[in-house]
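> just need the structure, nothing else, for what follows:
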Amino acid sequence: MFRAMRRFKQEVSREECIRVLKEGRRAVLSVLGDDGYPYGVPVNFYYDEETNEVYLHGAKEGHKMDALRRCSKVSLTVLDQGYKKEGDWAWYVTSVILFGHIEILDKEEEIIEKARPIGLKYYPDAKSVEAVLAGTSGHLQALVLHIDHMTGKRVHEK
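Next up, the predicted model:
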């Protein structure tokens, strides 16, 4: 069902993929947008290693949500910060691509439960997270990406 990686010598282990998902700060969620055009949108996210799911959030309305209501299949791309070796000008970068389907949560308590770890990843403290969650009640949408396939690759950009 999913293609094998063409550049298999650059493939990284599942453990390395999980490291990138846990440490990564930004991702791009790709959906099937309007008129069949792909739509990629930058998102904040949280990877739950215990459930092997990714939590996302956003507004309840908009292009992303319209697309997800039409088709729940998505891909999510996460890149690490990369590194350079001593004396080398080119970066080593690891990327992870997830393929899966999105579940749109509709119960307020589930939305808060899944949005909270995202906030804790990005905000300076739990008090700030709780304040934001309280202020977005009824307007916040949480999404769960159920992973069907995961690949990771390290490239040397030269």
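> what residues of the top strand by length along the chain count as buried?
When the chain is parsed with DSSP state E, its longest strand is strand 140-156. Residues of strand 140-156 classed as buried by neighbour count (16 or more other C-beta atoms under 10 Å): Leu140, Gln141, Ala142, Leu143, Val144, Leu145, Ile147, Met150, Thr151, Gly152, Lys153, Arg154. All C-beta spots, glycine's among them, are computed from the backbone N, C-alpha and C.
> in the chain, which spans are strands?
27-32, 38-43, 45-48, 53-59, 73-79, 92-104, 140-156.
> for these, which one sits closest to Pro124?
strand 45-48 (16.0 Å; C-beta to C-beta).
> quick one: buried residues of that closest one?
By neighbour count on 16+ other C-beta under 10 Å, the buried set for strand 45-48 is Phe45, Tyr46, Tyr47.
> contacting residues for the second one?
Applying C-beta atoms under 8 Å, 6 or more residues apart in numbering, one finds that Tyr46 lies in contact with Val54, Tyr55, Pro117, Ile118, Leu120, Lys121.
> just these now: which is nearest Glu23?
The closest of the contacts of Tyr46 to Glu23 turns out to be Lys121 (C-beta to C-beta; 10.1 Å).
> and the pLDDT at the spatially closest residue to that closest one that is not a sequence neighbour?
Counting by C-beta to C-beta, 6 or more residues apart in numbering, Tyr46 is the residue found nearest to Lys121 once chain neighbours are left out, at 5.3 Å. pLDDT, Tyr46: 97.
> I appreciate the help and will end here.
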